[in-house]
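Undergrad: Take this sequence and fold it.
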Amino acid sequence: MNMYVLLKRTFDTEEKISISGGRIQEDGAEFIINPYDEYAVEEAIQLRDQHGGEVTVITVGSDESEKQLRTALAMGADKAVLINSEEDLDDGDQYTTAKILTEYLKDKEVDLILAGNVAIDGGSGQVGPRVAEGLGIPYVTTITDIEVNGSDVSVTRDVEGDSEKIKTSLPLLVTCQQGLNEPRYPSLPGIMKAKKKPLEELELDDLDLEEDDVASKTKTIDMYMPPEKAAGRVLEGDLSDQVKELATLLRSEAKVI
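TA: Here you go, the predicted structure:
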């Protein structure tokens, strides 16, 4: 089974992030594999171990993304592909990424594509479905379980606190949700092996793509940190007096009633 995992290099949101001029400052920032993509990598490796085949991880980005690809290889993926768009694109959006990935995958023998449900930096959840649409294959989002039997696939997906079971078939794209598995940590032998595993680097020219073909469809007007939360207030006195004061504050200060 030929499996491809769509992977993104993202900011570690547990570390300090600085914004200047409407952009996140990369100097001093920590970067990781998008956590939802780790579920996709882990699930692909488990499915390969069960059914045989090969796992290829792909990302669109700059040379710095090689570190995250090597981490995925250390986890157990077989091959990696870096589509380097740094020199060709000043900026891009979900359309850009999906267009590039679709162009790369369209001539490949694809059985299953796995991606993260969302990226923790953007949170749009668009790239996976856009790629599936571009390839003309079905997709199921936010999956928490998947079973493959030949070309038949049974999927459980998260739907607003409940679950939905779906039967479909390969080729297929799925986006992975928390609860699907527990991603492994790269072992020392895995890290050593990853150094020898193939990592292919391509540019847009290699995919016969021009800048206009992948030009962003959206524009970021501004980016800013959320305002700091004000300190809370503790109401004192009789309960009836607290209720009256709360109602007054909600009307006069919060202006929500």
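Undergrad: drop to CA atoms for contacts and neighbour counts, all remaining ones
TA: Noted.
Undergrad: What count of nearby residues applies to the nearest residue to Ile257 once chain neighbours are set aside?
TA: Ranked by C-alpha to C-alpha, 6 or more residues apart in numbering and with sequence neighbours excluded, the top spatial neighbour of Ile257 is Arg251, at 5.1 Å. Look at Arg251: counted by other C-alpha atoms under 10 Å, it has 12 neighbours.
Undergrad: So Arg251 versus Tyr36, what's the distance?
TA: With distances taken as C-alpha to C-alpha, to the nearest Å, Arg251 is found 41 Å from Tyr36.
Undergrad: My reading is that Ile146 lies in a strand. Confirm?
TA: Yes. Ile146: assigned to a strand according to DSSP: H, G, I helix; E, B strand; the rest coil.
Undergrad: The residue lying closest to it once chain neighbours are set aside in helix, strand or coil?
TA: Spatial nearest neighbour of Ile146, chain neighbours left out: Val155 (4.5 Å); criterion: C-alpha to C-alpha, 6+ apart. For Val155, the assignment made with three-state DSSP gives strand.
Undergrad: wait, doesn't the residue nearest to Ile257 sit right on Lys244?
TA: No. Arg251 lies out of contact with Lys244 (C-alpha atoms under 8 Å); the separation is 10.7 Å.
Undergrad: The residue nearest to Ile146 is in contact with Thr142, isn't it?
TA: No. Between Val155 and Thr142 there is no contact under C-alpha under 8 Å: 9.9 Å.
Undergrad: The two - which one has more neighbours?
TA: Neighbour count, other C-alpha under 10 Å: between Val155 and Thr142, Thr142 has more, with 24 against 19.
Undergrad: Could I get the pLDDT score of the more buried one?
TA: At Thr142, the model reports a pLDDT of 95.
Undergrad: same check, this time on the one 4 residues further on
TA: According to the predicted model, the pLDDT of Ile146 comes to 97.
Undergrad: With Ile17 instead?
TA: With respect to pLDDT, Ile17 has a value of 69.
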